[in-house]
Every structure is written in C-alpha cells, then in structure tokens.
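Peer 1: Below: sequence and its predicted model.
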Amino acid sequence: MHERTAGIDLASEEHRLVIVDGEGGELEQQRISHSEDGIEALVRRLLELGVARVAIEQPNGIVVDRLLDAGIAVVAVHPNQLAAARERYRTGGGKSDGFDAYLLAELARTDMHRLRLLEPDSDETKALRALTRTREDLVEQKVALANQLRAQLDAFWPGAKQIFADVDSPIALAFLERYPSPADARGLGERRLTGFLARNRYCGRRTPAELLARLRSAPEGRAGETEQEARRAIVLALVAVLKPLVEQIKLLTSQIAGALRSHGDGQIFLSLFRHPKSVVTAAELLAEIGDNRDRHPTSASLEAIAGQAPVTVQSGKKKVACFRWACNKNLRDAVSVLADASRHHNPWANDIYHRRARARGHDHPHAIRILGRAWLRIIWRLWQNRDTYDPQRHGNPNRLLAAQG
C-alpha cells in the first residue's frame, strides 16, 4: 500500500508526469520537456521518490528505453484500455494530458493483475524490427507511386504500361526514362529495342518482337501536344522518384536477409518457408513476435496479438464471434502471408483451408485466419522449444498423407 506509481502522457515536445501514492493520492505533477536535460531530470526524480512502476501508452521509444536502462519498471497500457478506464474517473467527459497521466498512474497502482511489465527484446531483434517496418513503409510508398504512374500512362500511353509485367520493375523504369512518351518512341524498332534490352540486362522470356507487339497493340492516346508534354514531365518525375526507392527497398531486403540469418532465432522462422524469397516474411514474424519467451506464455496469447483469434461477444442466449481489430497489424499480415502460401504446397494446410474452412461456408479471409491460427500454435511451440519446423515430424500432415494413400 506504500508503493508509489507514476504515469507519463507522451507528446512530441513536452510530456506530462503524475506520481501517486499507495492510496491514489497525487504526490506530484509536472511537465517534462523532450530533451536530454528533461529526460535525465525525469529519471532522477523517479529514482529519488522510489517509484515502483511507470505506466505509459507507448511500448517503445527513447523515453521507454531510458526508463528501462535506469532499472525502472515500465507498464505498457494499450490506448483502448486507457480510453475504457476514463469513465471510471469522470462524469463530465473531460480530457486533458494531466488527467491521462493520472489515470495511467492509477492503472499501474490498481490493475497490475491485468497488465504486464515491459520486457524488451534483444538489440538484434529491435534492429530487425526497424528494418522490416521501414521496408514495409517504403513498399507502401512504392505502390502508391506506381499506381500514379499507371494512371498517367493509361491517360496518354497505355502501351508503355503493358510492355513489361510490372511498371515499377527496373527494366520498365529504365524504358520509361528513355521513352517517356509516344513521341520519344516514334523511331523505336525491333533492332533498337534489342540494344536497349541488352544494355539493361533484360532477363525476361519475351522476345523484342513480342514486346513491340504488346506496345503497339495497345490503344493510342489522343492527348494534345501541350497535355502530352505535361504528362511526359510527370512520367519522368515519377520515374525519378521510383528508381532510387526500388533500389533502396532491394538494399533493405538484403540487409534483412543477413540480419535474419545471423539472428539466434532466424532458423526457426526460415524453416517455415520453402521459397528463399520468403525471407522478408520470416523476418517480419521474428521481429514482431520477438525473442522474449515470457511475453507469450501460451499460444492463445500469440494468436490474440496476431489477430487470428476471434473476439467473443455474448449476452444471454446470443453468442457471436467477431473480427479482432485490436492486434499487431504487422504480425497479422505476416501470418496471413504464411498461411496463404502454405495452402498451395502443404497438404495439412490445404486440408484446413478447404475442408475445415471453405467447405463450411467461410470466405477466403476467414479461412486464412483459421489456417493462420493453426500455424501459430505450431510456431509458438517451435519458438518456445527453440526448434525448427520439420514436416517429417509434423504428425497431422503425415496422418493425412497416410489416410490418402
């Protein structure tokens, strides 16, 4: 009852700190600047007052790292939990930074049976998480820019979009950089295209004649001279942005592959995939699950945080299973990729997807979540045992294959 707890409401320039005693009385409230002096003063004050725990909404960042380095116990409170708890302490519906900081301190005092202390991952896992999340952000930007480029080509030169499979591939970007409009490609023939493909190391299976046929069979645009010049400039601008972006994504992918293979848990997640290009998904699984085994004492915890377990809503005779929105979105996407890929070559995964899910009327996303949940039970056991996936030791597919003869 004599423990002191604290809550910190984070902001970009100034944080709000509230410290309460063992009975919930406010001992101190102050503003902390987001600077080196401010963070040092924050840590020093918490240690002076002997604060037992600090509650905070963000589970990572500079403030969290500094608190953990100082040996201060940190509790991560999900924003949904904080929002739901506000009604316990107010009636008028007001909200302020100081109130939220006080509420965080109170949750750290009264609700520790519902919360968990932060236990950080290793430095290698944090680095891998930073690499995979940054790559995902760059991929999203690339997709958005590629869609803009397709829209411009559709408006005045559809053939340039169809000549190669992907408009954001290195060969397609090189082509658009050299031939950004129909006028630039007016003298393009088979011989000139052959030289272009050789200079850019084209490795596709189409011959120059086939590629030219694709280019010329597309409908012709009717943009005027001024509009065509404007769209030509737009294509060149988009290509100039996309080329280095594609190259940086490629470099990040190489870094991720190296970091994953040198990680102590890397082989656990690599063993789940057959294709070497799946290294990014394997890295995302490791980065988001982490290497702290105490974080998920049961597979049910991992299934929930990955968004694969439904949320049950029950009242009286009514019982409904709903989609789980509150989860780790990055982990959910990685599990979905694993599940979707495995159903094509793994007989056990294919059986779950078709017979236990689709045959019962579930749509594709729901079936993928059912399969993803089954995979997470396997992943959790491998992760806890620090073991790799071996199909020969996986009893379910072996029994299935035996039953099928």
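Peer 2: Sure, I can see it.

Peer 1: Can you name every helix or strand that the strand or helix carrying residue 193 contacts?
Peer 2: Assigned by DSSP states H and E, residue 193 belongs to helix 190-199. Contacts defined by 3 or more C-beta pairs under 8 Å, 6 or more residues apart in numbering; DSSP states H and E place helix 190-199 against helix 170-178, helix 208-217. Bear in mind the C-beta positions are built from the backbone N, C-alpha and C, glycine included.

Peer 1: The first one packs against which elements?
Peer 2: Packed against helix 170-178 by the contact rule (3+ C-beta pairs under 8 Å, 6+ apart) you find helix 190-199, helix 225-262.

Peer 1: make it 7 Å
Peer 2: Judged by 3 or more C-beta pairs under 7 Å, 6 or more residues apart in numbering; DSSP states H and E, helix 170-178 is in contact with helix 225-262.

Peer 1: what about the residue most central in space within the chain, distance to residue 66?
Peer 2: With distances taken as C-alpha atoms, centre = their mean, residue 330 lies nearest the centre of the chain, 2.7 Å away. Remark: distance between residue 330 and residue 66 (C-beta to C-beta, to the nearest Å) = 25 Å.

Peer 1: now swap in residue 155 and tell me
Peer 2: Counting by C-beta to C-beta - residue 155 and residue 66 are separated by 52 Å.

Peer 1: Residue 202 too?
Peer 2: Residue 202 sits at a distance of 52 Å from residue 66 (criterion: C-beta to C-beta).

Peer 1: Then residue 140?
Peer 2: Applying C-beta to C-beta to residue 140 and residue 66 gives a distance of 30 Å.

Peer 1: same thing with residue 284?
Peer 2: Per C-beta to C-beta, residue 284 is found 27 Å from residue 66.

Peer 1: quick one: which of these two has more around it?
Peer 2: Higher neighbour count among residue 284 and residue 66: residue 284, with 27 against 15, using other C-beta atoms under 10 Å.

Peer 1: Report the contact partners of the more buried one.
Peer 2: Residues in contact with residue 284 (C-beta atoms under 7 Å, 6 or more residues apart in numbering) are 132, 330, 334.

Peer 1: got the buried residues for the helix or strand hosting residue 335?
Peer 2: Assigning secondary structure by DSSP H and E places residue 335 in helix 329-342. Residues of helix 329-342 classed as buried: 330-342 (neighbour count, 16 or more other C-beta atoms under 10 Å).

Peer 1: who does that helix touch, helix- and strand-wise?
Peer 2: Partner elements for helix 329-342 (3+ C-beta pairs under 7 Å, 6+ apart): helix 279-289, helix 364-385.

Peer 1: Mean neighbour count, the ones you listed: which tops it?
Peer 2: Mean neighbour count (mean count of other C-beta atoms under 10 Å) peaks for helix 279-289 among the helices and strands packed on helix 329-342, with a mean of 25.

Peer 1: Could you tell me the average pLDDT over that one, please?
Peer 2: Averaged over helix 279-289, pLDDT sits at 97.

Peer 1: what angle sits between it and helix 329-342?
Peer 2: When axes from the mean of the first three to the mean of the last three C-alpha atoms, to 10 degrees is applied, the directions of helix 279-289 and helix 329-342 differ by 140 degrees.

Peer 1: Flag the shaky bits of the stretch 151-300 of the chain, pLDDT-wise.
Peer 2: By pLDDT under 70, the stretch 151-300 of the chain has no low-scoring segment.

Peer 1: right, I mislabeled it, should have said the stretch 1-150 of the chain
Peer 2: Applying pLDDT under 70 to the stretch 1-150 of the chain flags residues 1.

Peer 1: At which residues are the helices of it located?
Peer 2: Assigned by DSSP state H, counting those that start in this stretch, the helices in the stretch 1-150 of the chain fall at 36-48, 62-69, 79-85, 97-110, 123-156.

Peer 1: what's in contact with the shortest one?
Peer 2: Just to be clear, that refers to helix 79-85. 57, 100, 103-104, 107, 326.

Peer 1: just the buried members of these?
Peer 2: Here, 16+ other C-beta under 10 Å leaves 57, 100, 103-104, 107 buried among those.

Peer 1: In a markdown table, list these along with distance to residue 40.
Peer 2: As requested, the buried ones among the contacts of helix 79-85 are exported to a markdown table (distance: C-beta to C-beta, whole Å):
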| residue | distance to residue 40 |
| --- | --- |
| 57 | 22 |
| 100 | 23 |
| 103 | 26 |
| 104 | 21 |
| 107 | 26 |
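
Peer 1: Tell me the one of those residues nearest residue 184?
Peer 2: residue 57 (53.3 Å; C-beta to C-beta).

Peer 1: Surely that closest one touches residue 74?
Peer 2: No: counting by C-beta atoms under 7 Å, residue 57 does not reach residue 74; the two are 11.1 Å apart.

Peer 1: C-alpha coordinates for stretch 16-30, PDB please?
Peer 2: Output in PDB follows, covering the C-alpha atoms of stretch 16-30 (Å, rounded to 0.1, in the frame of the first residue of the first chain):
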ATOM      1  CA  ARG A  16       3.100  15.200 -18.500                       C
ATOM      2  CA  LEU A  17       4.200  13.200 -15.400                       C
ATOM      3  CA  VAL A  18       1.900  12.400 -12.500                       C
ATOM      4  CA  ILE A  19       3.100  10.400  -9.400                       C
ATOM      5  CA  VAL A  20       0.600   8.900  -6.900                       C
ATOM      6  CA  ASP A  21       1.000   7.300  -3.500                       C
ATOM      7  CA  GLY A  22      -0.300   3.800  -2.500                       C
ATOM      8  CA  GLU A  23      -3.800   5.100  -1.800                       C
ATOM      9  CA  GLY A  24      -4.100   7.000  -5.100                       C
ATOM     10  CA  GLY A  25      -3.300  10.500  -3.800                       C
ATOM     11  CA  GLU A  26      -1.500  12.700  -6.200                       C
ATOM     12  CA  LEU A  27       2.000  13.400  -4.900                       C
ATOM     13  CA  GLU A  28       3.400  15.400  -7.800                       C
ATOM     14  CA  GLN A  29       2.500  16.600 -11.300                       C
ATOM     15  CA  GLN A  30       4.900  18.300 -13.700                       C
END
